Structures are given as C-alpha cells and as structure tokens.
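K.L.:
how would this look folded up:
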Amino acid sequence: MELKATFYRTMMILKPRNTSLFMYCAMLLMLFLFCLLIRMEVKSSLNGTSMLTQTHKNPPSRSSMIRDKTELNRTAPKIHLECRNNGSLLQIPNGIPVLHQLFLQYKHCRTFRQLLSPKACSNDLFLLMAIKSTAAQIDRRAALRSTWGREGLFSGMRVQLVFLLGRSMDRVRGHPLQPLLHYESRQFGDILQWDFDDSFFNLTLKEVHFLNWFSRECRTAQFVLKGDDDVFVNTGNLLEYLWDKRPNDHLFVGDIISKAVPIRNIRRKYFIPMQMYPKKQYPPYAGGGGYLMSRRTVIGLDRAAQDTDLFPIDDVFVGMCLEKMNVTLVFHDGFRTFGFRQMVTPFNPCIYRGLMLIHKLSPAQMWAMWSLVNDPDLTCTRKFSINV
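P.N.:
Numbering: from 1, shown residues only. The predicted structure follows:
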C-alpha cells in the first residue's frame, strides 16, 4: 500500500497542466525521487535467485512465456495453449546461442491476447505517439506524459499517447508489477499491453501486435510516431513537418540506415547467424529510437508483416516489410537516434529546439530540457530546417 500511495501521489503531481519554471523544477525533483525509489526497490528484490535473475541465467524468452501463461491463466484463448516448441520440426543449427534457438523454435507464435487496453482513439486524431516501454520504466512514462508526450490540441492538431508493453517478470519487494500497471492504466488510459514476455527478442512481437491493433482500433489517426521511452521529441517540429502531408500517401521518415550488414560476431548484442539471415546486407531501415509514418504506411505494414517471418531485430523486420511494400524510406537529419555524431555541446537547448527527435535522455534530463526548450526567453541564432 505504501508503494501504491507513493505512485499515486507522484502521478497526480505529474498530470499535464500549465506550470511555471519553478513548478517544473519541483516536479523534476519529485520525479527523480520516485525514480530512485523504484530503482532501489527493484534492485533489492533481485538479490539471490529472484525470477528476473533466473530469467537471465536461463534465457527463456518464449518457452517460459508459454509455461507461465498456462499456469497463470487457465482460461487463456486456445491459441496460447497450442503455441508449443516446434523444434522437432526444424533443423536448429548447432552452436548458435540459446536465445536464437528459442526464437527459431517459437517464432510461429505470433498471436497473444491483450491484457490492458488504452482509451479509444479520437475521431479527429492527427498524431498518435506509440512508445515502446516496459513495466519497470514508470519514471520514463511519467516524464513523457508531462513533457513532449502531453496529449491535447496543438495548433488545432490533436495528439494522443499510447505506451506499448509486454508482460514483465520484474518485481518490487517480491510483488509483481502488473497490479501497478493496472493502476497506471486506470489513471491515464494510455497503456497497451499484451501477454508475451517483454524481452529483447520479443520486440518484433510488440511491433506486429501494435500494427494489428492500429489497423483494428485506431485507423482514425492520420500519422504515427513510433519510438522508445528514452527519446526526446520536439512535438511542435513534428507537427510543423506533418501539417501539409497527406495520411493516405505513403510516408516513412526517420534516421534511415542503408547498406547495414548482419553482425556475425557471436559476442555482440545484434549477432545474427548465417542460418537466420544468409544475405550480405539488410534492407534499408530506420533507427528504432523513433520514426514517423502515415496511416496508409502503418496499415500496409500490418498486411506485409502477416506474410513475413519474424526476425529478432525489430527495426530490420520493419525494413523487410517496407521492402515488400516498395515504400521509399526518407532520411531526415532531425532524427538523431544515435545521439550527436560530432562534438557539440550536448545539453544546448537551441540544438534540441531545432531537432525532431534525439536518443537518449534520462527522465530528469527530459524534464530539464523540456523546460529549457520551452522557455520563452530562450533566444537561438540558428534555426534548423524542419522540412529537410
């Protein structure tokens, strides 16, 4: 009850409203303290042989996911109970990491039930911000809601926020985080969660489930920003860029990566063995920190994804689907998904005022930069070209 009360008080403080710079600083302090509390609670609960530690020692990804669903929900739809290891039907290469083996054995499992649903998309929705998050990142979601992810009308264009989550094994004082997610969902109505393990190799599952949800539940949105919960976004610049674009035309804009090659070093995070992807190059794709899409492109991606084998790197998977659709990916210098590539003053608000999106900032940095960028007394001599 103590943790829940702390969560409630913090969320109430961080609800969107007009505030002075002094209030921004006060809320920033509260956000930092709450972030510290959650981090300390999660770390203290992971001593010994906690569920999360066991997950890292014996990477389960999908096998434990299926077992847990059967134990926790006896009334789950039939598709979950039939989603079993098909390793006996495959020739799994010898010598590849366990996570890659599990991915191959369970990649046919593509449909999972929805645990939490957000409020309905507005009929006049201009921009939907769909942000990947995890249960433990409460502080990041709080920061986004009160800074660049604030919902409402901006110059006559409606913006709405939704967070995309899977099921987490993280615990606080031995208790699962799911009840807190339910509470957060009731307070803000912006949580979209599915019943699969929220792991790195399941980010592609999160992608295909979002695309399907959008096609069924949110086709009123004209444009979509897809991003991570640790990016800083200049919402005004996004809207200025989009105002003369048409939602029924194809549009895919971001930090486009061309001629990237699969990493064959088994020690690297993005290692892909030849057996999983024999080609020498990936198709063009956008850095997953954030990119913009039109409604037509999102719906087209949903159709293309249904006929595309799941791939463990979600950004590349989206690129594969776009290649099938023959959609041109547009590079925009305002998307900095890998941070600054040259020596600049990293916390200069004038730089942030001119960009679309940059990765990555902590919640405390997010609050500070948002207040600086929106300071009416800030004067910047150089303006970035939004329509590049």
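
K.L.:
tell me how far the ends of stretch 281-297 are from each other?
P.N.:
Length of stretch 281-297, first residue to last, C-alpha to C-alpha, to the nearest Å: 23 Å.

K.L.:
Let me see the mean pLDDT of it.
P.N.:
Here stretch 281-297 scores 96 as its mean pLDDT.

K.L.:
Okay, buried residues for it please.
P.N.:
Of all the residues in stretch 281-297, those buried under the rule 16 or more other C-beta atoms under 10 Å are 282-297. Bear in mind the C-beta positions are built from the backbone N, C-alpha and C, glycine included.

K.L.:
So which of these are in strands?
P.N.:
285-294 (DSSP state E).

K.L.:
which one of those residues sits closest to residue 97?
P.N.:
residue 288 (21.2 Å; C-beta to C-beta).

K.L.:
what sits against the residue nearest to the closest one when sequence neighbours are not counted?
P.N.:
Counting by C-beta to C-beta, 6 or more residues apart in numbering, residue 288 lies nearest to residue 315, which is 4.1 Å off, once chain neighbours are set aside. Shown in contact with residue 315 (C-beta atoms under 8 Å, 6 or more residues apart in numbering): 257, 285-288.

K.L.:
Closest one to residue 138 out of those residues, please.
P.N.:
residue 288 (21.5 Å).

K.L.:
Unless I'm misreading it, the closest one sits right up against residue 229, doesn't it?
P.N.:
No. Applying C-beta atoms under 8 Å as the test, residue 288 and residue 229 come out as separate, 11.9 Å apart.

K.L.:
Helices along the protein, start to end?
P.N.:
Here the chain has its helices, by DSSP state H, at 2-13, 21-45, 51-57, 62-72, 78-81, 98-106, 138-145, 178-188, 203-217, 235-242, 295-306, 314-325, 349-354, 363-373.

K.L.:
Least reliable of those helices by average pLDDT, please.
P.N.:
Mean pLDDT is lowest for helix 51-57 among the helices of the chain, at a mean of 29.

K.L.:
Tell me which two of the buried residues of stretch 281-297 sit farthest apart.
P.N.:
282 and 295 (25.9 Å).

K.L.:
number of nearby residues for the nearest residue to residue 125 once chain neighbours are set aside?
P.N.:
Nearest residue to residue 125, sequence neighbours excluded (C-beta to C-beta, 6+ apart): residue 221, at 4.4 Å. Neighbour count for residue 221, taken as other C-beta atoms under 10 Å: 26.

K.L.:
So residue 221 versus residue 240, what's the distance?
P.N.:
Between residue 221 and residue 240 the computed distance is 18 Å (C-beta to C-beta, to the nearest Å).

K.L.:
Over to residue 154?
P.N.:
Following C-beta to C-beta, the distance that separates residue 154 from residue 240 is 10 Å.

K.L.:
I'd say residue 320 and residue 310 touch.
P.N.:
No. Under the criterion of C-beta under 8 Å, residue 320 is not in contact with residue 310, lying 10.1 Å apart.

K.L.:
residues touching residue 358, list them.
P.N.:
Contacts of residue 358 (C-beta under 8 Å, 6+ apart): 231-232, 336-337, 339-340, 352.

K.L.:
Tell me what it is bridged to.
P.N.:
residue 232, residue 336 (DSSP bridges).

K.L.:
Let's see the pLDDT reported for it.
P.N.:
93.

K.L.:
Next: residue 83.
P.N.:
For residue 83, the pLDDT comes out at 70.

K.L.:
How about the backbone phi and psi for the closest residue to it other than its chain neighbours?
P.N.:
Of all residues beyond its chain neighbours, the one nearest residue 83 is residue 109 (4.0 Å), with distances taken as C-beta to C-beta, 6+ apart. For residue 109, the backbone dihedrals (degrees, to the nearest 10) come out as phi -80, psi 100.

K.L.:
centroid residue for the protein?
P.N.:
Taking C-alpha atoms, centre = their mean, the centroid of the chain lies closest to residue 132, which sits 1.5 Å from it.

K.L.:
Which strand residues bridge it?
P.N.:
residue 164, residue 228.

K.L.:
tell me the contacts of the residue nearest to residue 372 when sequence neighbours are not counted?
P.N.:
Excluding the flanking residues, the one nearest residue 372 by C-beta to C-beta, 6+ apart is residue 349, at 3.9 Å. Taking C-beta under 8 Å, 6+ apart, we find residue 349 in contact with 369, 372-373, 375, 378, 380.

K.L.:
just residue 177 next, same as before
P.N.:
135-136, 168, 170-171.

K.L.:
ok, of those residues, which one's closest to residue 245?
P.N.:
For the contacts of residue 177, the nearest to residue 245 is residue 135 (34.4 Å; C-beta to C-beta).

K.L.:
Need phi/psi at the closest one.
P.N.:
The phi/psi pair for residue 135 (degrees, to the nearest 10) is phi -60, psi -40.

K.L.:
Just to check, residue 359 is in contact with residue 365?
P.N.:
No. Using C-beta under 8 Å, residue 359 is not in contact with residue 365, being 11.8 Å away.
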